[in-house]
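Engineer: Structure for the following, please:
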Amino acid sequence: MSRVETYRRGVKDQGLYSFTVQVKETDLYIRAQRKLVCEAEAMVLQYRQDLQDYIKGHPSFGSSLRPLEVEPNAPLIVRMMAQAAKAADVGPMAAVAGTIAELVGKDLCRLSPEVIVENGGDIFLYLPEKRRVGLYAGESPFSNKIAIEIEPDETPLGICTSSGLVGHSLSFGNCDAVTVLSPSTPLADAAATRIANIIKSEEDINRGIELAKSIRGLKAVIIVAGEKMGLYGEVCLCGGFSSEPTSNWPHGNEAGIGL
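Structural biologist: Residues are numbered from 1 along each chain as shown. Just a heads-up that it's a prediction; the model follows:
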């Protein structure tokens with residue numbers, strides 16, 4: 001089973017239609033109460049075109065590793081990426097997957113009362129009932145043994161993951177996974193990249209948590225490196241790992257952690 005197949009099986013969501021939309025580098029896996037392939041494809045094409053047209057006139061937007069200012073009348077996708085990049089102190093393209101997932105997801109919410117959009121491991125959720133999202137962290141002992149429980153009133157919600165060991169996205173770190181929850185999927189995407197960049201080993205987990213505290217707008221952060229996990233914020237975890245010693249989980253917030 002490929003990495004994509006693994007994490008795409010990580011959302012427990014009986015009763016929904018599942019379909020994919022692929023446009024060049026964009027590969028969305030969508031679950032909704034209706035099969036909305038044509039509608040979702042039209043949305044992806046439009047948002048991608050807006051971004052491509054902007055990059056043609058502003059080449060640095062597609063290559064910068066630092067935040068960039070954009071014009072007030074720039075396309076919505078560009079403004080969302082720029083805002084998230086500024087908040088997390090990364091380049092705008094660090095937020096592209098999460099931004100497309102949220103834009104398409106929110107558009108589809110007008111057509112379906114439940115929507116889950118996954119784009120390269122970055123997820124937008126809009127839920128009318130409780131769901132669980134599995135955590136995939138490559139070869140880590142925590143991988144596929146933990147689920148994040150999401151209540152309807154927590155959505156719309158973004159859940160984005162960055163890894164120095166899994167996937168093809170640019171990362172300067174060496175962690176198994178940094179998963180970020182935020183009401184803003186673009187911010188969750190950008191913040192996951194920023195935090196993952198500084199995680200070289202288990203010893204860096206606390207540094208990652210301190211960095212997470214400094215980024216406004218995050219709901220929770222889960223850092224997996226080797227045989228240790230760090231937690232920060234409000235998140236409810238469940239799964240087959242509850243017998244593990246909590247001393248292996250340094251975290252930065254005494255409240256809001258459900259095991």
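Engineer: Ile123 versus the residue most central in space within the chain, what's the distance?
Structural biologist: Nearest to the centroid of the C-alpha atoms of the chain, with distances taken as Cα atoms, centre = their mean, sits Cys160, at 1.2 Å. Computed with Cβ to Cβ, to the nearest Å, the distance linking Cys160 and Ile123 is 7 Å. C-beta coordinates here come from the backbone N, C-alpha and C atoms, glycine included.
Engineer: Now do the buried residues in stretch 45-65.
Structural biologist: Along stretch 45-65, these residues count as buried under the neighbour rule (16 or more other Cβ atoms under 10 Å): 47-48, 50-51, 54-55, 58, 61, 64.
Engineer: Inside helices: which ones of these?
Structural biologist: In helices, defined here by DSSP state H, the members of those are 47-48, 50-51, 54-55.
Engineer: give me the beta-bridge partners of Ile223?
Structural biologist: When bridges are taken as DSSP bridges, the partners of Ile223 come out as Val178, Gly230.
Engineer: would you turn the ones in helices among the buried residues of stretch 45-65 into a markdown table with pLDDT?
Structural biologist: Written out in a markdown table, the entries for these read as follows (pLDDT from 0 to 100):
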| residue | pLDDT |
| --- | --- |
| Tyr47 | 98 |
| Arg48 | 98 |
| Asp50 | 98 |
| Leu51 | 98 |
| Tyr54 | 98 |
| Ile55 | 98 |
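Engineer: In a markdown table, list the residues you listed along with distance to Val21.
Structural biologist: Output for these, formatted as a markdown table (distance: Cβ to Cβ, whole Å):
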| residue | distance to Val21 |
| --- | --- |
| Tyr47 | 12 |
| Arg48 | 11 |
| Asp50 | 17 |
| Leu51 | 16 |
| Tyr54 | 22 |
| Ile55 | 21 |
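Engineer: Nearest to Asp153 among those?
Structural biologist: Ranking those by separation from Asp153, with Cβ to Cβ as the measure, puts Tyr47 on top at 27.6 Å.
Engineer: Identify the residues contacting the nearest residue in space to that closest one that is not next to it in sequence.
Structural biologist: Computed as Cβ to Cβ, 6 or more residues apart in numbering, the closest residue to Tyr47 that is not its neighbour in sequence is Ile77, at 5.0 Å. Contacts of Ile77 were listed using Cβ atoms under 8 Å, 6 or more residues apart in numbering, and they are 47, 50-51, 99-100, 103.
Engineer: now, among the ones in helices among the buried residues of stretch 45-65, which is nearest to Ala196?
Structural biologist: Nearest to Ala196 among those: Leu51, at 23.0 Å, using Cβ to Cβ.
Engineer: any idea whether the closest residue to that closest one other than its chain neighbours is helix, strand or coil?
Structural biologist: For Leu51, the nearest residue in space outside its immediate sequence neighbours is Ile77; the separation is 5.2 Å by Cβ to Cβ, 6+ apart. Per DSSP: H, G, I helix; E, B strand; the rest coil, the local secondary structure of Ile77 is helix.
Engineer: Ile77 and Lys130, how far apart?
Structural biologist: With distances taken as Cβ to Cβ, Ile77 is found 31 Å from Lys130.
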